[in-house]
Every structure is written in C-alpha cells, then in structure tokens.
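Participant: the amino acid sequence is not available; the structure is as follows:
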C-alpha cells in the first residue's frame with residue numbers, strides 16, 4: 001500500500017496528509033433531494049392509507065362474524081328467536097305489575113339489555129358478567145371491543161340532558177356511537193298493537209308490533225315474527241351492519257336515545273338505507289351530504305363508499321352505498337313497501353321495474 005503523500009515545509013519539518021474540508025450541498029441539490037422525498041411520500045401515502053383501510057375492514061368483519069356467532073348460539077337455545085327484539089330479549093325491561101313504567105334514566109333495571117332493542121347485551125352476557133348499572137355497561141362493554149367498528153371515532157351525546165333521578169349518578173352522557181345496527185322491521189311482529197295499548201300503560205304489548213312503533217305504511221307478512229324461519233333465506237338477510245342512529249342530517253350531530261324503551265328502534269336498530277329516516281345517516285345520499293357519509297359508510301373501497309355487513313347465516317361482506325339501496329336484504333321476505341312514500345330516491349329507481357302497482361314486494 002502506498003504511503004500517504006508527505007510535504008516538506010519551511011524549517012525542515014514534514015507535514016502530514018493534507019486534510020480537505022468536505023464540500024457542502026448546494027441549495028439546488030437540497031431542493032432536488034426534498035423533491036424526491038416528497039414525490040416518494042405522495043406515491044406511498046395512498047398505498048399506506050389503502051392498506052390501513054383494508055386492515056380496519058378486516059377487523060370490522062371479524063367483529064361482525066363473532067357477533068353473528070353469538071346470535072346463532074342464542075337462537076339455537078331459544079328455538080330460532082332473535083335477540084335484540086322487544087318481543088324476545090327486550091322483554092326483560094318491561095315493567096311487571098306496576099302502573100307507572102320506569103323513567104328513561106333508571107339504571108336499576110333487570111336483565112342483560114340496556115334497551116328493549118339491545119342485541120349486544122345478550123351476546124356480551126354469554127362470556128362475561130355485566131355491570132348492574134345499565135348506563136355503565138352500555139358505556140364500558142356494549143360499545144367497546146368486538147362491539148366497536150375500528151373506523152367509528154364518533155362521539156354521541158344524549159338527545160337531551162337527563163337529570164339523574166333523586167341525585168343518583170346514572171352515567172348517561174357522551175360516549176362512542178353505537179357501531180352496528182340491526183334492521184328494525186326484522187325485530188318486530190307483523191300487525192298493529194291492540195287498541196288501548198300504549199308505551200306507557202302496556203309497553204310489553206305495544207312495542208312488539210310493527211305498527212305503530214315503527215311507523216310508515218310498509219306491511220310485513222301476516223305471520224311474521226322475529227324468528228330465523230320467518231325472514232326468508234338467512235344467507236340473504238342482514239343481521240348487523242355499520243350504522244349511525246340519530247344523526248342530525250342538518251347539522252351533522254350524532255346523539256343517542258338512552259331511554260330503556262328506545263323510540264323507533266332506539267340506538268341499536270334502524271330502518272336501514274332503503275326507507276326515509278331523517279335520523280339515519282345511511283339514508284342520506286353521500287352526493288348530497290358528503291359530510292355525513294362517514295357516519296355510516298365508513299369503509300371506502302377505492303372511490304366507492306361502503307358498509308360492512310353480516311348475515312343471519314353468519315357470513316359477512318362489504319356492501320357499496322349503491323348496493324345498500326336494494327331493499328331485499330333489509331326486510332323480511334314478502335314485505336310490501338309503497339314505492340312512492342316508503343322508499344328513498346335511489347331505492348325507488350332500483351325497484352320501479354319490479355313493482356306491483358304502487359308497491360314493491362320483497363322477493364327473496
């Protein structure tokens with residue numbers, strides 16, 4: 001190896017190797033490097049976001065599949081009846097032998113459910129002991145873990161400001177929005193509550209029927225009850241889907257009904273994206289109200305918005321906003337739906353070629 005060059009300097013001394021100061025980057029070179037980094041970020045970010053969205057969809061679908069298994073276990077034990085219905089598990093909260101029903105804010109109520117439409121409590125009770133305070137178990141159990149969609153970051157407040165009864169701490173307040181909704185019509189009996197019944201005097205009878213609690217002019221099959229053998233093909237009927245009850249479409253505000261009776265399906269059951277419902281974000285067209293779409297259509301697939309769903313047979317799938325407008329998956333087979341009054345605009349466009357007179361009959 002050749003020795004480093006030496007240099008004789010005045011005085012007879014020998015200098016060591018000459019050290020040169022490294023040349024600094026020029027401004028142009030720095031700008032080029034920054035531009036390359038920015039370009040790489042712009043290329044990679046969409047891919048990273050897509051991967052993140054897909055991971056959330058996988059997690060959401062796993063949640064729904066697990067919840068469907070819990071529902072299947074309940075149905076196997078109870079001859080095919082659905083949980084989450086005021087005619088089944090919701091019966092736990094109906095007052096017995098009293099003339100005045102409990103107040104909306106009461107927390108010392110029996111059973112596993114927090115509301116007569118609550119499908120989550122009975123599933124949670126299969127594997128854990130639930131808190132005695134229904135507000136506490138709503139906030140800490142029924143909207144967390146497997147019950148929480150990973151893209152649901154929305155906080156819902158109560159639709160009014162309840163005052164705790166007699167100074168007792170009740171716990172109803174701002175909390176995570178309920179992630180998944182059942183289809184309200186699937187959870188009721190056909191027909192109208194008998195004359196003289198009311199939500200105040202005989203709620204155990206009043207709330208079981210499709211009318212007048214659900215409202216509208218749809219007609220369920222005459223023999224319909226919330227049982228697996230009455231809905232139609234279980235592989236074609238949705239049990240749970242991404243939802244957002246009580247979204248103020250005018251202001252984009254989410255709240256929830258904490259009353260144990262739960263008006264028009266409460267916080268856990270909805271009218272799905274096919275029928276007019278001013279408090280369900282998935283009813284609103286995203287093209288008209290893009291700020292509301294993420295409340296319900298939380299799982300995009302490329303440029304398309306979509307929902308995650310699970311069916312009564314236990315299989316789950318992604319459904320685009322356009323696909324969700326088709327009514328058959330959301331209603332029992334044989335339901336008669338007036339096209340002009342009980343369908344949103346997109347659903348009318350899809351169903352008009354198949355209607356009978358002024359009505360559409362759910363075919364499958």
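Facilitator: Perfect, I can see it now. Note that this is a predicted model, so its numbers are computed, not measured.

Participant: how about the strands in the stretch 101-250 of the chain?
Facilitator: Taking DSSP state E, counting those that start in this stretch, the strands of the stretch 101-250 of the chain run over residues 155-158, 175-176, 180-183, 189-192, 209-211, 238-242, 247-248.

Participant: I'd like these laid out as JSON lines, including distance to residue 107, mean pLDDT and mean neighbour count.
Facilitator: Where C-beta positions appear, they are placed from N, C-alpha and C, glycine not excepted. What follows is the strands of the stretch 101-250 of the chain, written out as JSON lines (distance: least, Cβ to Cβ, whole Å; pLDDT from 0 to 100; neighbours: other Cβ atoms under 10 Å):
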{"stretch": "strand 155-158", "distance to residue 107": "13", "mean pLDDT": "85", "mean neighbour count": "17"}
{"stretch": "strand 175-176", "distance to residue 107": "14", "mean pLDDT": "90", "mean neighbour count": "20"}
{"stretch": "strand 180-183", "distance to residue 107": "23", "mean pLDDT": "93", "mean neighbour count": "26"}
{"stretch": "strand 189-192", "distance to residue 107": "28", "mean pLDDT": "88", "mean neighbour count": "17"}
{"stretch": "strand 209-211", "distance to residue 107": "27", "mean pLDDT": "81", "mean neighbour count": "20"}
{"stretch": "strand 238-242", "distance to residue 107": "26", "mean pLDDT": "95", "mean neighbour count": "26"}
{"stretch": "strand 247-248", "distance to residue 107": "25", "mean pLDDT": "66", "mean neighbour count": "20"}
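
Participant: dump those strands into TSV; add distance to residue 349 as well.
Facilitator: TSV is the format used below for these (distance: least, Cβ to Cβ, whole Å):
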stretch	distance to residue 349
strand 155-158	32
strand 175-176	35
strand 180-183	21
strand 189-192	28
strand 209-211	26
strand 238-242	21
strand 247-248	23
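
Participant: residue 133 is nearest to which of these?
Facilitator: Between residue 133 and the strands of the stretch 101-250 of the chain, the shortest separation by Cβ to Cβ is 13.5 Å, and it involves strand 175-176.

Participant: remind me what that closest one packs against, helices and strands.
Facilitator: strand 155-158 (3 or more Cβ pairs under 8 Å, 6 or more residues apart in numbering; DSSP states H and E).

Participant: strand partners (parallel or antiparallel) of the strand it packs on?
Facilitator: strand 175-176 (antiparallel), strand 253-256 (parallel) (DSSP bridges).

Participant: relative to the whole chain's centre, how far out is that strand?
Facilitator: 14 Å (Cα atoms, centre = their mean, to the nearest Å).

Participant: next one: stretch 58-68
Facilitator: Between the centre of stretch 58-68 and the centre of its chain there are 12 Å (Cα atoms, centre = their mean).

Participant: buried sites along that stretch?
Facilitator: 59-61, 63-64, 66-68 (16 or more other Cβ atoms under 10 Å).

Participant: pick out the most distant pair among these.
Facilitator: Spanning the widest gap among these are 59 and 68, at 15.2 Å by Cβ to Cβ.

Participant: where do the strands sit along the stretch 251-364 of the chain?
Facilitator: Under DSSP E, counting those that start in this stretch, the stretch 251-364 of the chain gives strands at 253-256, 269-270, 306-311, 316-320, 336-338, 359-361.

Participant: dump these into CSV; add distance to residue 80 and mean pLDDT as well.
Facilitator: Below are the strands of the stretch 251-364 of the chain laid out as CSV (distance: least, Cβ to Cβ, whole Å; pLDDT from 0 to 100):
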stretch, distance to residue 80, mean pLDDT
strand 253-256, 30, 81
strand 269-270, 19, 88
strand 306-311, 15, 95
strand 316-320, 20, 95
strand 336-338, 24, 92
strand 359-361, 24, 94
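
Participant: give me whichever of those strands is most buried.
Facilitator: strand 269-270 (a mean of 30; mean count of other Cβ atoms under 10 Å).

Participant: what strands line up against that one, and which way round?
Facilitator: Strand 269-270 has the following strand partners under DSSP bridges: strand 180-183 (parallel).
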